[in-house]
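**Student:** Pasted the sequence and its predicted model underneath.
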Amino acid sequence: MFARTPRLLLRPGWKEDAPALAAAMGDLAVVGRLARAPWPYRIEDAECFLSSDHGPLPNFLIFARTHGSPRLVGGIALVQAEAGVELGYWIARPYWGLGFATEAGCAVVDLADTGLRLSRLIAGHFADNLASARVLRKLGFEPTGQIGSRICRSRDVVEPSVEYARVAFAPRGEGAMVHVGYDREGALAA
C-alpha cells in the first residue's frame, strides 16, 4: 500500500531505508516525543523496525518528493490499540513546521475513511507537544477530555498524554490544506 500527496510519497519501509531511518530517529528531540521508540536509536533498531510485521494497517515512511531521490522526512501509521485504531506519526527535526505531518495525516485519514472504512480513529500526544495538538485538530480530531498516561521509552518516564478521537469523515480543521506557493527546493535543502 502506498499513498501520494502533492509533496510526499508514503510507503512501507524497506531494509535499504535503515541508514536514513536511524539518522532521522537519532535525535532525542524527535524520539523523546514518541512512546515506543528506544534511545539511543541505532541502526539495529531501524533494521528491527523495518523487518517487523506491522499487520494489515498502513505503516508508512514519509518521503519528500524531490527532483532527485526522495528524502525521508518522517513516519506515519495506524496501529491497533486497546481503545481502537490509533494514528501515530513523527517528523524529523529539519522538516518541522513545513506542514508535512498534516499533509501525510490527511492522506492516511482519507485512507482510513474511504479505503479501510474505519468508523473512528484515536490519537494522543504528550501534554507538552503542542505542535501535535495543532496537527490533530487540523486532521479533524477532537480532544476527548481525557488525560492519560503513557510511557516515553526513550526518556524512561511516564508522561501525561492528551487523548483525541475522530469519527469517519469528520471535517478537517483550519489550515489542513496544502500550502500553495511552497518553496520545495528551499525547504528540502535543510
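**Tutor:** Happy to help now that I have it.

**Student:** isn't Val162 right up against Gly124?
**Tutor:** Yes. Between Val162 and Gly124 there is a contact under C-beta atoms under 8 Å: 6.2 Å. Backbone N, C-alpha and C define where each C-beta goes, glycine included.

**Student:** Which one's more surrounded, the two?
**Tutor:** Gly124 (27 against 21; other C-beta atoms under 10 Å).

**Student:** After the top helix by length along the chain, which helix or strand is next? Please name it.
**Tutor:** Taking DSSP state H as the criterion, the chain has its longest helix at helix 100-110. Once the chain leaves helix 100-110, the next helix or strand it forms, by DSSP states H and E, is strand 120-126.

**Student:** Which elements pack onto that next one?
**Tutor:** For strand 120-126, the packing partners by 3 or more C-beta pairs under 8 Å, 6 or more residues apart in numbering; DSSP states H and E come out as strand 84-91, helix 130-138, strand 142-152, strand 157-167.

**Student:** Need the residues that contact it.
**Tutor:** 33, 78, 81, 83-88, 109, 112, 132-133, 136, 141, 148, 150, 152, 159-168 (C-beta atoms under 8 Å, 6 or more residues apart in numbering).

**Student:** who touches the residue lying closest to Ala29 once chain neighbours are set aside in this structure?
**Tutor:** Nearest residue to Ala29, sequence neighbours excluded (C-beta to C-beta, 6 or more residues apart in numbering): Arg93, at 5.5 Å. Counting by C-beta under 8 Å, 6+ apart, Arg93 touches 27, 29-30.

**Student:** re earlier: buried subset of the contacts of strand 120-126?
**Tutor:** By the neighbour-count criterion of 16 or more other C-beta atoms under 10 Å, the contacts of strand 120-126 include these buried positions: 33, 78, 85-88, 109, 112, 132, 136, 141, 150, 152, 159, 161-166.

**Student:** Surely His54 touches Gly75?
**Tutor:** No. Contact between His54 and Gly75 fails when scored by C-beta under 8 Å: they sit 10.8 Å apart.

**Student:** picking up where we left off before, tabulate the helices and strands packed on strand 120-126 (JSON lines), appending mean pLDDT and distance to Pro19.
**Tutor:** Below are the helices and strands packed on strand 120-126 laid out as JSON lines (pLDDT from 0 to 100; distance: least, C-beta to C-beta, whole Å):
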{"stretch": "strand 84-91", "mean pLDDT": "97", "distance to Pro19": "17"}
{"stretch": "helix 130-138", "mean pLDDT": "96", "distance to Pro19": "26"}
{"stretch": "strand 142-152", "mean pLDDT": "93", "distance to Pro19": "25"}
{"stretch": "strand 157-167", "mean pLDDT": "95", "distance to Pro19": "29"}
